[in-house]
Structures are given as C-alpha cells and as structure tokens.
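Novice: Take this sequence and fold it.
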Amino acid sequence: MLTKTKGIVFRFTKYGDSSVIATLFTEHAGVQSYILKGIRKSKSGSGMALYQPLTLLDLVVYHKDGATLHHIREAKCRHIYKNIPGNVLRETLAFFITEVMNKSIREQTHPEELFQFLEHSLILLDSSDEPLHDFHLRFMIGLSRFLGFGAQQSQEVVGGRILPNEVQENLQKLLDGKKTNMSYLHRKEILELLTGFYRDHIENFGTLKSVEVLQEILTQKH
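Specialist: I've put the predicted structure just below:
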C-alpha cells in the first residue's frame, strides 16, 4: 500500500555492495526499516545525503503487511538544517539526541504525537537563539513522557538518592518547563540522574557514548 508520510532518519546500515537499510521514525507507523537498492552507486549522486541521521523527510512509501523491510518510492528533504552544521555545540547535541532516540524509541502506539515532538525539537535545535545548555535535559524529559514513564516530580527521578537541595530544585524547574541558571556541575549531575532514569525503564538502554564528548563541549561553552 502506498502512503504519504513524514519521517526522521534514525540510522542506516550498508547492505551488499551498493544498497543500505535505513531505519526511520515515520509519522504514520513509527519505527520502520526500508531497503534502498543501489543508492551507494556513484550514479546515484547525492541520494545518500537524504538518509543521514536526523534528516527530516517527506515520503511516499510502500508498506507490505507482515514485511520487515519496506520500500521508499519518493523522498525529499522537508527541512534543511542551517545552523547545526558547523556549530560544535549544536552538532554535539544532535549526536547525543540521535543516540538517545536510537536506544529508546521502539514500538509506538501514537506515532503522530511523538513525531511532532521530535520534529519540533530538531527544528528548535537548529533555529533557536536561546542558550542551549539545558536542551539535552529538556529533550530527555519530554521524550520520556511520550515513552510512558515521564516524571512530574523530581523525586520520581531522584529515587532514594540524597542530593543537594539546589540540584533537586533545578531538576524540578526542568520538569516544570521553567528556565534554570545552574552550574555545569549541576547539569552534569542531572544528566546522570536522567540517564539512570532511562536505564531503569528501558531494557538494554546501556551507556550513552556521546555523553563524554557532550560534557567536554558544555564545559568549554559554560
């Protein structure tokens, strides 16, 4: 069945000599995998550019019931990132949220709502003039709510840990969608709390490899 949908590229893997399998989050069907035959051949031109992680696409796709691999009939970029490329902080944040999405988003019963959140977050990362030091924390909090385990109170994230009052207060501000003015060390501590929170709720979430690089960049930008 042919369907028009929007999509966000999560990742791709090489398949054979010239093809790839691209995993996308689609607005109409959540996470789906598509085989792109021959796209790595030189005559395919810039076709692979459309399937780099986080690319936002307008798609016409062919889905076959029961199939694990589907086909893309048409694809075009729906938003060209202007400020993420070449900006070290934005690029590092993009790398971080790509890893978070790949580790946490699997099956979704309401993909339209999650897609809108992801698309809005990516465009905000690209276009916002506001400071981005809390972006990754706000993203994780927002995503967790779509995944069904989001917290409203800081104690739900903190659990039995004993934290300085200021850290817990800043975490509560983030949960409430309010601005913070916290130190780098407090941001680092809250990120550790949130990654632990994800590990508690998502099987095989594991360790985020991008955290070390992100912390280094945030230290420089602080």
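
Novice: in what helix or strand does Leu118 lie?
Specialist: Using DSSP states H and E, Leu118 falls within helix 111-127.

Novice: Could you verify that Ile21 is part of a strand?
Specialist: Yes. Counting by DSSP: H, G, I helix; E, B strand; the rest coil, one finds Ile21 located in a strand.

Novice: which residues does it contact?
Specialist: With contact set as CB atoms under 8 Å, 6 or more residues apart in numbering, Ile21 has these partners: Phe12, Thr13, Tyr15, Ser33, Tyr34, Ile35, Leu36, Leu69. In short, each C-beta sits where N, CA and C put it, glycine included.

Novice: Who is the first one paired with across the strands?
Specialist: Following DSSP bridges, Phe12 is listed with bridge partners Ala22.

Novice: Surely Glu91 touches Pro85?
Specialist: Yes. Applying CB atoms under 8 Å as the test, Glu91 and Pro85 come out as touching, 7.1 Å apart.

Novice: May I see the buried residues of the helix holding Leu118?
Specialist: Pro111, Leu114, Phe115, Leu118, Glu119, Ser121, Leu122, Leu125, Asp126 (16 or more other CB atoms under 10 Å).

Novice: Specify the next element, helix or strand, located C-terminal of that helix.
Specialist: Proceeding N to C from helix 111-127, the next assigned helix or strand is helix 135-146, under DSSP H and E.

Novice: Outside of stretch 55-72 itself, list whatever touches it.
Specialist: Residues outside stretch 55-72 that contact it (CB under 8 Å, 6+ apart): 1-9, 21-22, 24, 26, 29, 32-36, 49-50, 73-79, 119, 122-123.

Novice: Do you know the pLDDT at Ala49?
Specialist: Here, the pLDDT recorded for Ala49 equals 89.

Novice: Give the burial count for the residue nearest to it when sequence neighbours are not counted, as a bare number.
Specialist: Closest residue to Ala49 apart from its sequence neighbours, by CB to CB, 6 or more residues apart in numbering: Thr55 at 7.9 Å. Using other CB atoms under 10 Å, Thr55 is surrounded by 21 other residues.

Novice: going forward, begin numbering at 23 instead of 1
Specialist: I'll keep to 23 as the first residue from here, and by that count the last item is Thr77.

Novice: Against Glu234, how distant is Thr77?
Specialist: 25 Å (CB to CB, to the nearest Å).

Novice: Next: Gln194.
Specialist: 27 Å.

Novice: and if you look at Met23?
Specialist: Met23 is 44 Å from Glu234, by CB to CB.

Novice: where does Thr27 land in three-state SS?
Specialist: Going by three-state DSSP: Thr27 is strand.

Novice: And Gln194 and Glu234? Which one has more around it.
Specialist: More crowded of Gln194 and Glu234, by other CB under 10 Å: Gln194, with 18 against 10.

Novice: So for the more buried one, what's the nearest residue that isn't a sequence neighbour?
Specialist: For Gln194, the closest residue by CB to CB, 6+ apart turns out to be Ser176, at 4.3 Å.

Novice: Done for today, thanks.
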